[in-house]
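S.K.: Got a sequence here, can you model it:
(3 chains)
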Amino acid sequence: MSVTDRKLLERIWKAVAAIPRGEVASYGGIARRAGLPRRARLVGHALKVAPANLKLPWHRVLNAQGRISLPAGSRAHRMQRRLLEQEGIVFRNGRVDLARAAGFDLDALLWRPRRD
DNA sequence: GTTGTGACGACTT
DNA sequence: AAAGTCGCCACAA
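M.R.: Predicted coordinates for the structure are as follows:
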């Protein structure tokens, strides 16, 4: 693995670490915030290989549909959903309930689930 | 080198 | 809404 590849991963990890508690972001959005537009798949890869010691809020990263991308029914899938609900995020029909009432930031693709 | 796969996404049918 | 298609590209075989 080249040094530059390593740097890309680090930039992605940093962007993920910046997702505030109670909010979620998309793979594509993280890629853009990391300065890597159109590299959504790389974000998935970055999370897969992320060292556990970084303690990244990986569960706050969803696909563009607001759905969990991990295999449905898998252990990891259930854990992601649990972690999200644990911080107040509500699911509706298998999708994160995205109410863009206030704070919906299209540019950053950072979503704010309705908080009531 | 080539091929298939995949924690993706935008567009078009 | 749902299914294809295409672009993207790291990785394993």
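S.K.: for chain A, what spans make up the helices?
M.R.: The residue ranges that make up the helices of chain A, judged by DSSP state H, are A:3-17, A:27-33, A:40-48, A:75-86.
S.K.: Export the ones you listed as CSV, with columns for mean neighbour count and distance to DNA strand C.
M.R.: The way it works is simple: take the backbone N, C-alpha and C, and place the C-beta from them, glycine included. As requested, these are exported to CSV (neighbours: other Cβ atoms under 10 Å; distance: least, Cβ to the nearest atom of the strand, whole Å):
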stretch, mean neighbour count, distance to DNA strand C
helix A:3-17, 15, 6
helix A:27-33, 23, 8
helix A:40-48, 18, 5
helix A:75-86, 14, 18
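S.K.: mean pLDDT lowest for which of those helices?
M.R.: The stretch with the lowest mean pLDDT among these is helix A:3-17, which comes in at a mean of 89.
S.K.: That one and DNA strand B in contact?
M.R.: No. Using Cβ under 7 Å from any atom of the strand as the criterion, no contacts between helix A:3-17 and DNA strand B are found, and the smallest distance is 9.2 Å.
S.K.: Mind listing residues that contact that helix?
M.R.: By Cβ atoms under 8 Å, 6 or more residues apart in numbering, the surrounding residues in contact with helix A:3-17 are A:25, A:30-31, A:33-36, A:42-43, A:46-47, A:49-50, A:54, A:56-58, A:60-61.
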